[in-house]
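Participant: need coordinates for the following:
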Amino acid sequence: MFPRYIINPSFARRINEWCDCIVIGSGIAGLSTAIRVSGFTRVMVLTKSRLSESTTWYAQGGIAAAIKKPDWWKVHYRDTIEAGQGLCDTVAVEKLVKNAPRMIEDLLEMGISFDISGGEISLTTEGGHSYPRVLHAGGDATGEEIENKLVKHSKTFSNIEFHPEHLALDVLTGDDGRVLGVISLNLENSSLEIYPSDSVVIASGGIGHLYEVSTNPSISTGDGIAMSWRAGASLKDIEFIQFHPTVFKTNDGHLFLITEALRGEGAYLRDSNGKRFMAGRHPKAELAPRDIVVKEMVKVMAQQNMNFIFLDATHIPEKLLKVRFPNIISKLMENGLKLSTDLIKVFPAAHYLNGGIRTDLKGKTDIGGLYACGETAATGAHGANRLASNSLIEGLVFGWEISKDIIKKLENKKSSSKIRSLGDLEKLLSCCRKNIQEDVTGIKDNYRGQNNVQSSAMKLKHLDAKTAALLEETTAEFRHMMSKNVGILRDSRGISASENFIKSALKKTEIFNIADKIAIELANMLNVGYLVGRAAGIRCESRGTHQRSDFTEQDDVIWKKHIILKKDTVNFEPVN
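Facilitator: Next up is the predicted model:
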């Protein structure tokens, strides 16, 4: 149903210089990995927007680490396992929580300034945590502080080469299945380029923009997941999509996430009658794991025929609110509301992908030379439901593991594998010729420094106004369909309808071999949406962030296992 390449690689007009490591994405996972590897070799960072535009920037709440007694890694481990609803891989969780304090030290060395209280780093509690262990910065601007400082710090390394406005399309693999490089579209001039490398790190974030209502930026279209799957990598637990409980709609229709840390400081959730509906539903009430809170919210909204519930912080001292949540206060004031006196209407929105590209404990996929970290990866640390504020720290820990593996590989190289000749170039492009049977004379001539020659009888297409309007309409219809059929609640009828929609969209819309961001993102969204629906249809139970109205119970006998999608096959993996 989906071709191997979104755009035929023979359209490439430029072969870039060999690079020992290419990182796709500029959030906390990608930049921290690039920084570490750059101490040993040149690193290239490709990102389809500006450097600071990432899901990291939008992370209000904070970053979790057990850094203060009586809290310690075993308690953080227990909370993570409990939130994961039986699908966490225990070794991955242990690696995460044990190394979290060290990652905090690294961030401090990079210049990140966490909030201080009483001469110590200030800690708060979020849903599912037994102790205050969430570090924050700028009150409720943790992601912004971390991203800005990481971008600034990474620019001090001469070995890191940045390529913003470059949309990575596909991973090139050779006859042996190993990575040979990346195909990318330069969005500034619409030229297709090849970046040769034998180590590619996918850190491109999540898939939130597949849904109508999401906390994610518009760049979160699942590009890295789609390109990895097309290259033959395995995906794991992609049916588990976390919805954040408290999102606010502004007067101009934009969405604004209200961090869980506000409930950590004591805010309540109330129904239309003013009742705290989480009290008595879970021992931690409003600070229950997110999947439990969202499930109860959906029930209450359905029973009371509302599309929102109320967030109440009116009992919290205004002085504390001003210190901890200046951004939230400012945004609410812009919309005529006051956090200290008004009830705030909130509702759930797509927030975080718990699964993704299957990796081992070193961040390696099952394609040689291809790595993944951050939200795009399925390390096994989150299971069926991520513990709040475990995402940023996971990107750091497993990005660190990736950097160690790449550095070790570089140290063990007996000779460089850089492209030096047209013969090597032929090897790089052999994977293209197999499928598309295209002459590469034009690319070879360009490699020699001659004028560009169009090697293919086909022409790389660009969007006209009519086609662009159709693609935008299809994208909106797709996001609505995903929210309705493969959102918070799913059933077999809705999942089947989602597959039929995607098949129909692929037939009626022209999205391949078009050098335009709209077409490429839609192709990736349809690709990932199909895979989410496929996994959701297979898992006939309700667990964590995967809730089915036709299979309402958790079934540990049959379904306490991971679903693995690889090409056209489905496999199952036991929980470690």
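
Participant: domains of the chain?
Facilitator: As assigned by automatic domain parsing, the chain contains the domains 244-351, 465-574.

Participant: out of the ones you listed, nearest to residue 400?
Facilitator: Evaluated with C-beta to C-beta, these place domain 465-574 nearest to residue 400, the distance being 23.7 Å. (Each C-beta comes from the backbone N, C-alpha and C, glycine too.)

Participant: so what's residue 418 scoring on pLDDT?
Facilitator: Here the pLDDT value assigned to residue 418 is 56.

Participant: I meant residue 279, not that one.
Facilitator: The per-residue confidence score, pLDDT, reads 92 for residue 279.

Participant: list the contacts for it?
Facilitator: Residue 279 is in contact with residue 285, counting by C-beta atoms under 8 Å, 6 or more residues apart in numbering.

Participant: 10 Å instead, please
Facilitator: For residue 279, the residues meeting the contact criterion (C-beta atoms under 10 Å, 6 or more residues apart in numbering) are 268, 269, 285, 286.

Participant: most neighbours out of those residues, which is it?
Facilitator: When neighbours are counted by other C-beta atoms under 10 Å, residue 286 leads the contacts of residue 279 with 26 neighbours.

Participant: is it true that that one lies in a strand?
Facilitator: No - read with DSSP: H, G, I helix; E, B strand; the rest coil, residue 286 is helix and lies in no strand.

Participant: my read: it touches residue 310, true?
Facilitator: No - in terms of C-beta atoms under 10 Å, residue 286 does not count as a neighbour of residue 310; the distance is 11.9 Å.

Participant: any common contacting residues for these two?
Facilitator: With the criterion set as C-beta under 10 Å, 6+ apart, the overlap between the contacts of residue 286 and residue 310 is 268, 269, 270, 276.

Participant: so which of the residues you listed are in strands?
Facilitator: Restricting the shared contacts of residue 286 and residue 310 to those inside strands, with DSSP state E as the criterion, leaves 268, 269, 270.

Participant: report the beta-bridge partners for the last one.
Facilitator: Residue 270 has these beta-bridge partners by DSSP bridges: residue 276, residue 310.

Participant: now do the contacts for it.
Facilitator: Contacts for residue 270 were tallied using C-beta under 10 Å, 6+ apart; they are 276, 277, 278, 286, 300, 309, 310, 311, 312, 343.

Participant: most widely separated two among those residues?
Facilitator: 278 and 343 (15.2 Å).

Participant: looking at the two, which one has more neighbours?
Facilitator: In this comparison of residue 278 against residue 343, neighbours counted by other C-beta under 10 Å, the higher total goes to residue 278 at 24 against 15.

Participant: so what touches stretch 329-345?
Facilitator: Around stretch 329-345, the neighbours that count as contacts under C-beta under 10 Å, 6+ apart are 139-140, 246-252, 254, 256-258, 262, 267-268, 270, 274, 306-322, 325, 328.

Participant: can you mark which positions in that stretch are buried?
Facilitator: By neighbour count, and taking 16 or more other C-beta atoms under 10 Å as the criterion, the buried residues in stretch 329-345 are 329, 331, 332, 337, 339, 340, 342, 344, 345.

Participant: endpoints of that stretch, how far apart?
Facilitator: 14 Å (C-alpha to C-alpha, to the nearest Å).

Participant: cool, stretch 103-115 as well?
Facilitator: 17 Å.

Participant: strands along the stretch 101-250 of the chain, start to end?
Facilitator: 116-117, 120-121, 123-124, 134-135, 160-164, 166-173, 179-186, 191-196, 200-202, 235-236, 241-249 (DSSP state E, counting those that start in this stretch).

Participant: avg pLDDT for the second one?
Facilitator: To tie it back to what came earlier, the one meant is strand 120-121. For strand 120-121, the mean pLDDT works out to 92.

Participant: how long is stretch 79-91 end to end?
Facilitator: Using C-alpha to C-alpha, the span of stretch 79-91 from its first residue to its last is 15 Å.

Participant: circling back: now distance to residue 72 and pLDDT too, for the shared contacts of residue 286 and residue 310, in JSON lines please.
Facilitator: Formatted as JSON lines, the shared contacts of residue 286 and residue 310 follow (distance: C-beta to C-beta, whole Å; pLDDT from 0 to 100):
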{"residue": "268", "distance to residue 72": "30", "pLDDT": "97"}
{"residue": "269", "distance to residue 72": "30", "pLDDT": "97"}
{"residue": "270", "distance to residue 72": "35", "pLDDT": "97"}
{"residue": "276", "distance to residue 72": "31", "pLDDT": "96"}
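
Participant: if we can go back for a sec, can you say which of the domains of the chain is nearest to residue 237?
Facilitator: Nearest to residue 237, of those and by C-beta to C-beta, is domain 465-574 at 5.5 Å.

Participant: ranking helices and strands of the chain by mean pLDDT, which lands last?
Facilitator: Using mean pLDDT, DSSP states H and E, helix 441-447 stands out as the lowest-scoring helix or strand of the chain, at a mean of 42.

Participant: just after that one, pick out the following helix or strand.
Facilitator: Past helix 441-447, further along toward the C-terminus, the next helix or strand under DSSP states H and E is helix 465-485.

Participant: what packs against that next one?
Facilitator: In terms of contacts (3 or more C-beta pairs under 10 Å, 6 or more residues apart in numbering; DSSP states H and E), helix 465-485 is packed against strand 344-353, helix 492-508, helix 517-538.

Participant: change it to 8 Å
Facilitator: The elements that helix 465-485 packs onto, with contact taken as 3 or more C-beta pairs under 8 Å, 6 or more residues apart in numbering; DSSP states H and E, are helix 492-508, helix 517-538.

Participant: deepest of those helices, which one?
Facilitator: Among the helices and strands packed on helix 465-485, helix 517-538 has the highest mean neighbour count (mean count of other C-beta atoms under 10 Å), at a mean of 23.

Participant: could you export that one as PDB, CA atoms only?
Facilitator: Backbone C-alpha positions of helix 517-538 (Å, rounded to 0.1, in the frame of the first residue of the first chain) are rendered in PDB as follows:
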ATOM      1  CA  LYS A 517       6.100  19.500   2.600                       C
ATOM      2  CA  ILE A 518       2.300  19.200   2.600                       C
ATOM      3  CA  ALA A 519       2.300  16.100   0.400                       C
ATOM      4  CA  ILE A 520       5.200  14.500   2.200                       C
ATOM      5  CA  GLU A 521       3.700  15.000   5.700                       C
ATOM      6  CA  LEU A 522       0.300  13.700   4.600                       C
ATOM      7  CA  ALA A 523       2.000  10.600   3.100                       C
ATOM      8  CA  ASN A 524       3.800  10.000   6.500                       C
ATOM      9  CA  MET A 525       0.600  10.700   8.500                       C
ATOM     10  CA  LEU A 526      -1.400   8.200   6.400                       C
ATOM     11  CA  ASN A 527       1.400   5.600   6.800                       C
ATOM     12  CA  VAL A 528       1.600   6.000  10.600                       C
ATOM     13  CA  GLY A 529      -2.100   6.200  11.000                       C
ATOM     14  CA  TYR A 530      -2.500   2.900   9.100                       C
ATOM     15  CA  LEU A 531       0.000   1.300  11.400                       C
ATOM     16  CA  VAL A 532      -1.600   2.700  14.600                       C
ATOM     17  CA  GLY A 533      -4.900   1.300  13.400                       C
ATOM     18  CA  ARG A 534      -3.500  -2.000  12.500                       C
ATOM     19  CA  ALA A 535      -1.900  -2.500  16.000                       C
ATOM     20  CA  ALA A 536      -5.000  -1.200  17.700                       C
ATOM     21  CA  GLY A 537      -7.200  -3.700  15.800                       C
ATOM     22  CA  ILE A 538      -5.000  -6.600  16.800                       C
END
